[in-house]
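> Fold the following.
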Amino acid sequence: MTSDIFIGGGGPDYGVQQFLSLGYANRHGLIAGATGTGKTVTLQILAEGFSNAGVPVFLSDVKGDLSGLAKAGSESHKLHGPFTERAEKIGFAEYIYEAFPVTFWDLFGDQGHPVRTTVSEMGPLLLARLLELTDAQEGILNIAFRLADEDGLPLLDLKDLQSLLVWIGENAKELSLRYGNVSAASIGAIQRRLLVLENQGGAGLFGEPALALSDLMRIDATGKGEINILAADKLMGAPGLYATFLLWLLSELFEELPEVGDPDKPKLVFFFDEAHLLFDDAPKALVDKVEQVARLIRSKGVGVYFITQNPADVPEDILGQLGNRIQHALRAFTAKDRKELRMAAETYRENPAFETEEAIREVGVGEAVTSMLQKKGVPGIVERTLIRPPSSQLGPITKAERAEIMTGSDMAGKYDDPVDRKSAFEILKQRADQAAAEAAKAEEAAEEDASPLAREFSAARRYTGARVARSTSRRSTRQSKTLGGAVANAVIKELSGTTGRRLVRGILGGLFKGR
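I've put the predicted structure just below:
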């Protein structure tokens, strides 16, 4: 094992070897450059270097190309000649083809082992970001998490959260007195966003067994660090889900790992590809959270490397935490591009041999402007560096090869089948069923204990129109069968009218007058 990772050759004729010191690798880094300038290959060779040094790696494979890390490069590859020539040019005498230990992961469970977490572990802040909630809706979400903690309701998957929101809606009046206004409209909006998340396939992210962070930090039998590759080509269709998951993973590492100070080498290196997705339209609270994690996770032995097209995609407060930088070419077609190019150049320690701004604009594919931290964490002088060729296969492996690696992995069978234990959904359903049964039982007991008069009154309250109709129908039919019945009906009708009332008053008046 070495104490440095070979990056490439710099200086005149690219003969000065450039290294990334493992002792400063946990002080984070940046890989930037326009599309097609070689960022993916740079990410690949850094992953190889960390793995050879016994450092586990987690990275996202946005284009599907990085699966080649699991297979050694080949002399039959069309770039074998250019690769060997480059290795000789930069003095990379140890250049060989080799494969690396790889574990494939996938939030959807298609191209890798499933990755899950629970709703509780995600927390209200990240979940609100994932669902794109307003402040009022995020407030309802915080109430839900508070109630879950107070009432012992585990929130494991989406149906747990959905059922708890229904319960909150049914008890909104009582909860509003304690927690403030609980709006039915806000609850409905959250439920709709949860439905959208389900339709995007995000429901598979939540549940058990949840991912154990220790499974990302494994070393194989030969001493190489495991390279964990998250399949992200399909995941990029839901960029909010992608960014939120990776931020959750960083937050979990920050919360769970112990302090280690300044280790000789990182315990884990985390590559965040398409980093701009993390910050696009992100609320200030979330950006502050990322800044806090980036600033403090270094002491946990974790290095974070952001990969993006332009350094301007990363907020300045976070950009200032990124000590190791590999800057591929930037294009300057507009005034805004030129301004961003000038700002990117100003962040480097100048080299009197060339103009940094011109170098960033002129470097070719596979070449970059680099600056690595040196002794005492001082940024190194910027160099034009020819990046070393990869030892693993350039490009993706086949589906059959991926399936074979997954079958032989230590993770095979551990996360494949979901577990649905008793949680908020089951507890709330049980409470509702129990309350309904107790209400029915109480009603039966009340009827049994009541007096005959009370039972008759209760029965009268349940008396239906159908019973009256049948009785009236039978009486009416029986009377109308005879002439006497018809006459009786006519007399009754007349007596009930105005003429009947006059007749009665006349009779009574005559009786009393006679007295």
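
> now the helices for the stretch 201-350 of the chain?
239-256, 276-279, 284-296, 316-319, 335-346 (DSSP state H, counting those that start in this stretch).

> Adding mean neighbour count and mean pLDDT as columns, could you present these in a markdown table?
No exception for glycine: its C-beta is placed from N, CA and C like everyone else's. Output for these, formatted as a markdown table (neighbours: other Cβ atoms under 10 Å; pLDDT from 0 to 100):
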| stretch | mean neighbour count | mean pLDDT |
| --- | --- | --- |
| helix 239-256 | 19 | 89 |
| helix 276-279 | 20 | 85 |
| helix 284-296 | 16 | 83 |
| helix 316-319 | 16 | 89 |
| helix 335-346 | 15 | 90 |
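
> can you list the ones you listed in JSON lines and add distance to Ala435?
Formatted as JSON lines, the helices of the stretch 201-350 of the chain follow (distance: least, Cβ to Cβ, whole Å):
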{"stretch": "helix 239-256", "distance to Ala435": "36"}
{"stretch": "helix 276-279", "distance to Ala435": "45"}
{"stretch": "helix 284-296", "distance to Ala435": "38"}
{"stretch": "helix 316-319", "distance to Ala435": "50"}
{"stretch": "helix 335-346", "distance to Ala435": "62"}
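
> ok, Leu153 - contacts?
147, 160, 164, 423-424, 427-428 (Cβ atoms under 8 Å, 6 or more residues apart in numbering).

> low-scoring pLDDT stretches of this structure, where are they?
1-2, 450-515 (pLDDT under 70).

> Strands of that one, start to end?
4-10, 16-21, 29-32, 57-61, 102-106, 113-114, 227-231, 268-273, 302-308, 324-327, 367-371, 383-387 (DSSP state E).

> Which helix in this protein has the most residues?
helix 424-449 (DSSP state H).

> Settle this for me: Ser392 is touching Phe100, isn't it.
Yes: Ser392 lies in contact with Phe100 (Cβ atoms under 8 Å); the separation is 5.9 Å.

> Identify the contacts common to the two.
Contacts common to Ser392 and Phe100, judged by Cβ under 8 Å, 6+ apart, are 48, 69-70.

> before we move on, the earlier item: of the strands of the chain, which is nearest Met411?
Evaluated over the strands of the chain, closeness to Met411 peaks at strand 113-114, with 4.7 Å, by Cβ to Cβ.

> for that closest one, packing partners?
Packed against strand 113-114 by the contact rule (3 or more Cβ pairs under 8 Å, 6 or more residues apart in numbering; DSSP states H and E) you find strand 102-106.

> The strand it packs on - contacts with which helices or strands?
Strand 102-106 is packed against strand 113-114, strand 227-231, helix 399-407, with contacts defined by 3+ Cβ pairs under 8 Å, 6+ apart.

> on that earlier part again, compare the strands of the chain and give me the one nearest Ala435.
strand 113-114 (36.2 Å).

> Report the strands that pair with that closest one, each with its relative direction.
strand 102-106 (parallel) (DSSP bridges).

> So what's the gap between the strand it pairs with and the chain middle?
Mean-position distance between strand 102-106 and its chain equals 18 Å (Cα atoms, centre = their mean, to the nearest Å).

> Repeat that for stretch 302-320.
Stretch 302-320 sits 21 Å away from the centroid of its parent chain (Cα atoms, centre = their mean).

> for stretch 39-46, same thing?
Using Cα atoms, centre = their mean, the offset of stretch 39-46 from its chain centre is 26 Å.

> Other residues contacting that stretch?
Residues outside stretch 39-46 that contact it (Cβ under 8 Å, 6+ apart): 5, 7, 20, 31-33, 59, 63, 65-66, 68-69, 269, 271, 273, 305, 307, 326, 328, 366, 368, 387-392, 394.

> Filter those residues down to the buried ones, PyMOL style.
Restricted to buried positions by 16 or more other Cβ atoms under 10 Å, the PyMOL selection for the contacts of stretch 39-46 reads:
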select buried, resi 5+7+20+31+32+33+59+65+66+68+69+269+271+273+305+307+326+328+366+368+387+388+389+390+391+392+394
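
> where's Leu428 relative to Phe145, distance?
15 Å (Cβ to Cβ, to the nearest Å).

> who has more neighbours, these two?
Set Leu428 next to Phe145 and count neighbours by other Cβ atoms under 10 Å: Phe145 wins out with 20 against 17.

> Not counting residues beside it along the chain, what's closest to the more buried one?
Pro124 (5.0 Å; Cβ to Cβ, 6 or more residues apart in numbering).

> wait, what's in contact with the one you found?
Here Pro124 is in contact with 138, 141-142, 144-145 (criterion: Cβ under 8 Å, 6+ apart).

> Let me know the closest of those to Gln434.
Of these, the one sitting nearest to Gln434 (Cβ to Cβ) turns out to be Ala144, at 21.8 Å.

> can you pull the contacts of the closest residue to Ser409 other than its chain neighbours?
With Cβ to Cβ, 6+ apart as the criterion, Ser409 has its nearest non-adjacent residue at 5.6 Å, and that residue is Thr103. Neighbouring residues of Thr103 by Cβ under 8 Å, 6+ apart: 112-113, 215, 218, 226-229, 409-411.

> Please report the distance of Thr103 from Val314.
28 Å.

> and what of Glu138?
25 Å.

> Also Tyr415?
32 Å.

> re the thing from before, bridging residues for the residue nearest to Ser409?
Here Thr103, judged by DSSP bridges, has bridge partners Asn228.

> At the geometric centre of the chain, which residue sits there?
Residue closest to the average C-alpha location in the chain (Cα atoms, centre = their mean): Phe245, at 4.0 Å.

> Which residue comes closest to Cys363 once chain neighbours are left out?
Cys isn't right for residue 363; it's Val. Ala329 (5.0 Å).

> again with Glu367
Leu386 (5.3 Å).

> Equivalent analysis for Tyr242, please.
Leu235 (4.8 Å).

> Would you quantify the distance from the residue nearest to Ile397 when sequence neighbours are not counted to Ala47?
Spatial nearest neighbour of Ile397, excluding adjacent residues (Cβ to Cβ, 6+ apart): Ser67 at 4.8 Å. Using Cβ to Cβ, Ser67 is found at 12 Å from Ala47.

> can you check His28 too?
With Cβ to Cβ as the criterion, His28 and Ala47 are 16 Å apart.

> what's the answer for Phe104, then?
Following Cβ to Cβ, the distance that separates Phe104 from Ala47 is 14 Å.

> Those two - which one has more neighbours?
Legend: neighbour count by other Cβ under 10 Å for Phe104 and Ala47, higher for Ala47 (27 against 22).

> That one is in contact with Ala70, isn't it?
No: if you go by Cβ under 8 Å, Ala47 and Ala70 don't touch, sitting 11.2 Å apart.

> Now list whatever residues contact both of those two.
With Cβ under 8 Å, 6+ apart, Ala47 and Ala70 have common neighbours Phe100.

> if I pick Val260, what's in contact with it?
Applying Cβ under 8 Å, 6+ apart to Val260 gives the contacts 267, 299-301.
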